[in-house]
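>>> What would the 3D arrangement of this be:
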Amino acid sequence: MVPGGATEIIAHFAGYLRLTDDIAKDRLTYQDTVLKLPQDDYTVKLPDYVGQTDFALFNSETLELTEAPPFEAANWPTTYAITLRSLAPSSGHPSSLPEIKAPLPNANGGGGGGGGGGGGGDTIVTVTIDYQIGGLQWLAEISQTNMMADNDQLLEAEGTGVTELHQINVAETVQGMVEAAHEAVPDNLAAPQQGTGQVVEFLVAHDAEIAAGGGAPDEHSVAPGYYVNGELETPPAPQESPAAETPVDLGTDPGQWAETGLNTALNAGLIVDLTESGRTMVVMGDYFKTNAIVQTNSFIDNDQVEVAGGNGTAQVLTGGNTADNIADFIQVAGSYANVNARFVEPQWSVDVVNGNFYDITLLNQLNYLIDNDVTVQDSQSTHYEVHTGENGLYNVAQIFGEGFKYDVIIVAGTYHGANLIFQHNIILDNDIVKIAADGTDPSQSVVAGQNELLNDATIASYGDNLFLPAGGNIQAMVDAIANQDDTFTAWSSSIRNTFPGLGTGELNILYVTGDYYDINAIWQINVIADVDTAIQLLGPPDPQFGEASQQAVTSGGNTLTNDAAIVDVGATKTYVQGDFYTDSILIQANLVDDDNDEVVYGDTETLVSELIAFTEQSDSQSDELAPTQTSIVHDDAIGSILH
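Below is the predicted model of the structure:
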């Protein structure tokens, strides 16, 4: 891992999974006159990086791309917008969101009041309730796009046909790979990537399908845990950051080096959702929560390598591609599971939202790189390096939703919740490499393949795992608030145990008359087309150098990484009057795994004649190149490049 580089960015994200250690400790402001519990566990404040971001710095602006990527049929966006805004409190629905009608249960029906038994010094307490229109809603739609076309050509002579050696249609092949990745997402998880209203409609339909099926688990359901390529494993221990890597020094010796690969595409995204992180949520309708991770890797890497000269000692390394999917579903108790503070004074403050409530964050990250290079090198006694690859595309986003405000959230309708992560890596790396050198013991090496594809996703859920029936005191409280009563009477023990606060003397409540939409979704896509042609013709070194020359081609070694984390802090206790449905869904697949390489330790005379045609060299040079023999590939196939 290079300090300050992509892997350090990813490692940095891991620290945010501990945010909830301090969430419960941030808001406490004890009132000494009413404090009845010791201050024994509230000493730490949240670090600075969770401070409120001034989103006014970001203006909403649509970016029209000059050239759309060749995968329109996959329905992935080709126009990207940046939108960050909070939905102002309103007595109605936000104008940018559709009205989603759903049958709502009667908030005043059923249950009824009682407060539970007295005894033990218990007393009747009358609570004063204040109401105001409030409830700051949250909508963030962010798209990050990197697109690069880096088709380099270094030719010794035009019109030699070297640029036509490849017989593959790059655009059509990439299109097919992208469509395969798109089709790997089941219809019941294929949430729209743009348009909050469409995402809401999708989730309503998704949850209706779950309810119609009686809450049966999805065919891809999994238990919480750490999964690597479909297998449940023990999470690895945290590793310290390694020291900085020393850049490769190719020296100044005579020879030819071509680095046409070594591209990097990285998406790193973090969403932290604290809006629902109070002690208690009450849902009078049904409760739905879906956590899903979909990961795919696709690569085609069919290389053609021909080597001649060097007395058959060339080192050729092909294949060696790795494609890994890592998914971690973390489920722990709510932030207040072990917090001792209780509600102190009989004062409730209720923010009322008339209609639906929206807490939605959507993040789209796309890297698309075209790096189809053609390099032709012809030299005898010079140090000749060509670097046409080594491009880097990086998307990094950290999104903190609205900070939590409420001790209790009451939803008169249905709760629709989802945390979704979609990750796709796609690479086409078909290379043609032809090298020939003088037979006086030159060093020859070719590295093709060796691409690394990694998807790494984490959904960390705090709370939302303790469900209780919404009857008795809960129903009585909802009835009082739904009727906008000024007071509420119950046993003091019932208030303390059922509606605990933070010891501040006031219980803060959000009351939503409609449905509640809590959606976090991340889409990450890396696409690299790295179809290279590398030609090297090396004559005998000048005797004055006193040593053999080198030939080295690196046409692979691309790295595609998606790293995503959603930290969703929910209620410690959830009371549900209707049914509740929760599910964790995992899909991990390597869709295209085509790695058929052809390596030929060829006839020197034939290959040299071909290369001379590409460089318009004199045929007399072919007499200086000795015949070759089939060589054995050494274990250290790239040692001459790295050292």
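>>> bridging residues for T489?
T489 forms beta bridges with T126, as assigned by DSSP bridges.
>>> ok, how many other residues are close to it?
15 (other Cβ atoms under 10 Å). To be clear about C-beta, it is placed using only N, CA and C from the backbone, and glycine gets the same treatment.
>>> same deal with M477?
28.
>>> do the same with the one 4 residues further on
Burial measure for I481: 22 neighbouring residues, criterion other Cβ under 10 Å.
>>> how far away is A208 from S584?
20 Å (Cβ to Cβ, to the nearest Å).
>>> Pick out whichever of the two has more residues nearby.
Neighbours were counted for A208 and for S584 using other Cβ under 10 Å; S584 has more, 23 against 14.
>>> which parts of the helix or strand where the more buried one lies are buried?
For S584, the element it lies in under DSSP states H and E is strand 580-594. For strand 580-594, the buried set under the neighbour-count rule, 16 or more other Cβ atoms under 10 Å, comprises 580-592.
>>> what about the next helix-or-strand element following that strand, average pLDDT?
Downstream of strand 580-594, the next assigned helix or strand under DSSP H and E is strand 598-601. For strand 598-601, mean pLDDT is 90.
>>> what does stretch 346-360 give?
91.
>>> and it, how far from the chain's centre?
31 Å (Cα atoms, centre = their mean, to the nearest Å).
>>> For stretch 459-479, list the C-alpha coordinates in PDB.
Extracted C-alpha coordinates of stretch 459-479, given in PDB (Å, rounded to 0.1, in the frame of the first residue of the first chain):
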ATOM      1  CA  ILE A 459     -22.900  -2.900   5.300                       C
ATOM      2  CA  ALA A 460     -22.600  -2.200   9.000                       C
ATOM      3  CA  SER A 461     -26.000  -2.100  10.800                       C
ATOM      4  CA  TYR A 462     -26.300  -0.800  14.300                       C
ATOM      5  CA  GLY A 463     -29.700  -1.600  15.900                       C
ATOM      6  CA  ASP A 464     -32.800  -2.400  13.800                       C
ATOM      7  CA  ASN A 465     -32.600  -5.900  15.200                       C
ATOM      8  CA  LEU A 466     -34.800  -5.800  18.400                       C
ATOM      9  CA  PHE A 467     -38.500  -5.800  17.500                       C
ATOM     10  CA  LEU A 468     -41.300  -5.500  20.000                       C
ATOM     11  CA  PRO A 469     -45.100  -5.300  19.600                       C
ATOM     12  CA  ALA A 470     -46.500  -1.800  19.500                       C
ATOM     13  CA  GLY A 471     -49.300  -2.100  22.100                       C
ATOM     14  CA  GLY A 472     -50.000  -0.900  25.600                       C
ATOM     15  CA  ASN A 473     -48.100   2.300  26.500                       C
ATOM     16  CA  ILE A 474     -46.800   2.600  22.900                       C
ATOM     17  CA  GLN A 475     -50.300   2.600  21.500                       C
ATOM     18  CA  ALA A 476     -51.400   5.100  24.100                       C
ATOM     19  CA  MET A 477     -48.500   7.400  23.300                       C
ATOM     20  CA  VAL A 478     -49.200   7.300  19.500                       C
ATOM     21  CA  ASP A 479     -52.900   7.900  20.200                       C
END
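>>> And that stretch, what's buried?
459-465, 467, 470, 472-479.
>>> What of stretch 438-451?
Quick answer for stretch 438-451 (16+ other Cβ under 10 Å): 438-439, 442-451.
>>> rewinding a little: and the buried residues of stretch 459-479, which of them are in strands?
Using DSSP state E, 459-462, 467 are the members of the buried residues of stretch 459-479 that sit in strands.
>>> Now pLDDT too, for the residues you listed, in TSV please.
Formatted as TSV, these follow (pLDDT from 0 to 100):
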residue	pLDDT
I459	96
A460	94
S461	93
Y462	92
F467	91
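>>> sorry, back to before: relative to L154, which of the buried residues of strand 580-594 is nearest.
V592 (30.2 Å; Cβ to Cβ).
>>> The closest one contacts D301, correct?
No: counting by Cβ atoms under 8 Å, V592 stays clear of D301, with 10.0 Å between them.
>>> Need the three-state assignment for the residue most central in space within the chain.
When the chain is reduced to its mean C-alpha position, the closest residue under Cα atoms, centre = their mean turns out to be A564, at 2.8 Å. Three-state assignment for A564 (DSSP: H, G, I helix; E, B strand; the rest coil): strand.
>>> Name whatever forms a beta bridge with it.
Residues in beta-bridge contact with A564 (DSSP bridges): G269, A457.
>>> The one 5 residues further on too?
When bridges are taken as DSSP bridges, the partners of V569 come out as Y462.
>>> Any figure for the gap between it and N508?
Counting by Cβ to Cβ - V569 and N508 are separated by 16 Å.
>>> ok, back up a step: of the ones in strands among the buried residues of stretch 459-479, which is the nearest to N354?
Of these, the one sitting nearest to N354 (Cβ to Cβ) turns out to be F467, at 26.7 Å.
>>> That closest one is in contact with Y287, isn't it?
Yes: between F467 and Y287 there is a contact under Cβ under 8 Å: 7.3 Å.
>>> Which residues are in contact with each of these two?
574, 576, 580 (Cβ atoms under 8 Å, 6 or more residues apart in numbering).
>>> In space, what's closest to D218 - neighbours in sequence excluded?
Excluding the flanking residues, the one nearest D218 by Cβ to Cβ, 6 or more residues apart in numbering is I585, at 5.0 Å.
>>> returning to that earlier point: ok, of the buried residues of strand 580-594, which one's closest to A337?
For the buried residues of strand 580-594, the nearest to A337 is T582 (17.5 Å; Cβ to Cβ).
>>> and the residue lying closest to the closest one once chain neighbours are set aside, what helix or strand is that in?
Once flanking residues are discounted, T582 sits nearest to K289: 4.6 Å by Cβ to Cβ, 6+ apart. Using DSSP H and E, K289 falls within strand 287-300.
>>> mind listing what that strand pairs with, with the direction of each?
With DSSP bridges as the test, strand 287-300 pairs up with strand 415-428 (parallel), strand 580-594 (parallel).
>>> Whichever helix or strand comes after it: how far from the chain's middle?
Counting by DSSP H and E, the next helix or strand C-terminal to strand 287-300 is strand 304-308. Counting by Cα atoms, centre = their mean, strand 304-308 is centred 39 Å from the centre of its parent chain.
>>> So which elements touch strand 304-308?
Under the contact criterion of 3 or more Cβ pairs under 8 Å, 6 or more residues apart in numbering; DSSP states H and E, strand 304-308 touches strand 432-437, strand 443-447, strand 598-601, helix 604-615.
>>> Mind giving me the packing neighbours of the helix or strand following that strand?
The C-terminal neighbour of strand 304-308 among helices and strands, as given by DSSP H and E, is strand 315-317. Using 3+ Cβ pairs under 8 Å, 6+ apart as the contact test, the elements touching strand 315-317 are strand 443-447.
>>> What is the strand it packs on packed up against?
strand 304-308, strand 315-317, strand 432-437, strand 550-554, helix 639-642.
>>> Just give the strands next to the shortest one in its sheet, each with its orientation.
Sheet neighbours of strand 315-317, with direction, are listed as strand 443-447 (parallel) (DSSP bridges).
>>> what inclination does the strand it pairs with have with respect to strand 304-308?
Strand 443-447 and strand 304-308 are oriented at 180 degrees to each other (axes from the mean of the first three to the mean of the last three Cα atoms, to 10 degrees).
>>> which residues touch the residue lying closest to F299 once chain neighbours are set aside?
Using Cβ to Cβ, 6+ apart and skipping the chain neighbours, the partner closest in space to F299 is I427 (4.7 Å). I427 makes contact with 298-301, 451, 453, 526-530, 558, 560, according to Cβ under 8 Å, 6+ apart.
>>> again, only using 7 Å
299, 451, 453, 528, 530, 558, 560 (Cβ atoms under 7 Å, 6 or more residues apart in numbering).
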